[in-house]
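J.: I would like the atomic coordinates for the input below:
(4 chains)
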There are 2 protein chains.
Amino acid sequence: MPKPDAATLLREAGLRVTQQRVAVLGALTDSPHADVETIAVATRVTLGTVSTQAVYDVLRALTDAGLARRIEPAGSPARFELRVGDNHHHVVCRSCGAIADVDCAVGQRPCLTASDAHGFVIDEAEVTYWGLCPDCSARTTTDPHPWKEAQ
Amino acid sequence: MPKPDAATLLREAGLRVTQQRVAVLGALTDSPHADVETIAVATRVTLGTVSTQAVYDVLRALTDAGLARRIEPAGSPARFELRVGDNHHHVVCRSCGAIADVDCAVGQRPCLTASDAHGFVIDEAEVTYWGLCPDCSARTTTDPHPWKEAQ
DNA sequence: TTCCTAGTCTTGAACTGTTCCAGAAAAGGT
DNA sequence: ACCTTTTCTGGAACAGTTCAAGACTAGGAA
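T.: Next comes the predicted model:
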């Protein structure tokens, strides 16, 4: 049961229920942190044909409605996840780009305390941890910089 | 004296000293967090004509050599700064894109402690604070969402 | 000093991720 | 079942960035 009531979710957010939206929600449920291309492919497996623009439109609608969150690690195309509302962060693998969720270590909004905000009114602190995922880390033990050559 | 010995800086990093590199270093000194376009314009003021690719190449060389750091807030083109080596972060204005430096509040590498890294080997924690800069914040007091209409 | 060569810069084209546009199609209230 | 509004399709456009081939130059060798 990978899609726990996508239709209701959409309706409650004030969005129309369309095949594309349900399919995209399903794709996001199956693979969190997926990029647009991945989501489009997964959606096409479900529906047959879906234009790339429809996927972008759906993702924008979901993001605006607060059902999805857009994350953009430097150097990567945009990725999307359904986990919203909680203050969690991400670890990104420098080698393969894999992303995993990381809960905030200290309380609910720890990092919101900047030492000197220069007068900025801060409303969010986004933390991105950079490193190597378990797989790439293991591979690196034998080959120091696998991703610098052919990958 | 805005350029404290750019030539030496380059030489010590094992890089050739070229007009373009010196000029780009100067531009970065004058305006930290500048994007490529801004740097290119500033460089042309100094040298007359410089190709965009030369600017990209120089920035890549500087970044690889550890003289500059590339930062990419979501939704913004890449920006560069000369402040490297210390563990500092950034505040980004959601309205105008302005960026300011923020020193780490807790010790030297506070946020490196993720609650559960899922087996990732983390080597850096990047914190981006999002909010409104003083100017935009003041403007928002009278007009709730100025940046959603014409900007 | 002059010459040579690896390393740089220029010009121009290509590429990726994303957005814009106009018209066709579909959702859902009446 | 119909009509209005929203959404989707297909195609074009766009920004930021990178690639490629040749001209140029900084800086060490002769």
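
J.: these two touch, right, residue A:123 and residue B:95?
T.: No: applying Cβ atoms under 8 Å as the test, residue A:123 and residue B:95 come out as separate, 11.7 Å apart. Where you see a C-beta, it was placed from the backbone N, CA and C, and this is true even at glycine.

J.: which one of those two has more residues nearby?
T.: The neighbour comparison of residue A:123 against residue B:95 (other Cβ atoms under 10 Å in any protein chain shown) goes to residue B:95, with 19 against 11.

J.: do you know how far the more buried one is from residue B:58?
T.: 30 Å (Cβ to Cβ, to the nearest Å).

J.: do the same with residue A:72
T.: The spacing between residue A:72 and residue B:58, counted by Cβ to Cβ, is 25 Å.

J.: tell me which of those two has more neighbours.
T.: A side-by-side neighbour count of residue A:72 and residue B:58, using other Cβ under 10 Å, places residue B:58 first with 25 against 16.

J.: excluding chain neighbours, what is closest to that one?
T.: residue B:24 (4.7 Å; Cβ to Cβ, 6 or more residues apart in numbering or on different chains).

J.: phi first, then psi, for the one you found.
T.: Dihedral pair for residue B:24: phi -60, psi -40, per degrees, to the nearest 10.

J.: so where's chain A uncertain?
T.: Residues of chain A that meet the criterion pLDDT under 70 lie in A:1-4, A:104-116, A:140-151.

J.: per-domain residue ranges of it.
T.: A:6-71, A:86-148 (automatic domain parsing).

J.: would you mind naming what in chain A lies close to DNA strand C?
T.: Within chain A, the positions adjacent to DNA strand C are A:11, A:16-19, A:35-37, A:52-53, A:56, A:60, A:72, A:77-78 by Cβ under 7 Å from any atom of the strand.

J.: using ChimeraX, define a selection of the buried residues within those residues.
T.: Buried subset of the residues of chain A next to DNA strand C, written as a ChimeraX selection, criterion 16 or more other Cβ atoms under 10 Å in any protein chain shown:
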select /A:36,72
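
J.: distance of the closest residue to DNA strand D within chain A relative to residue A:24?
T.: Of chain A, the residue with the smallest distance to DNA strand D, taken as Cβ to the nearest atom of the strand, is residue A:54 at 2.6 Å. Residue A:54 is 9 Å from residue A:24, where distance means Cβ to Cβ.
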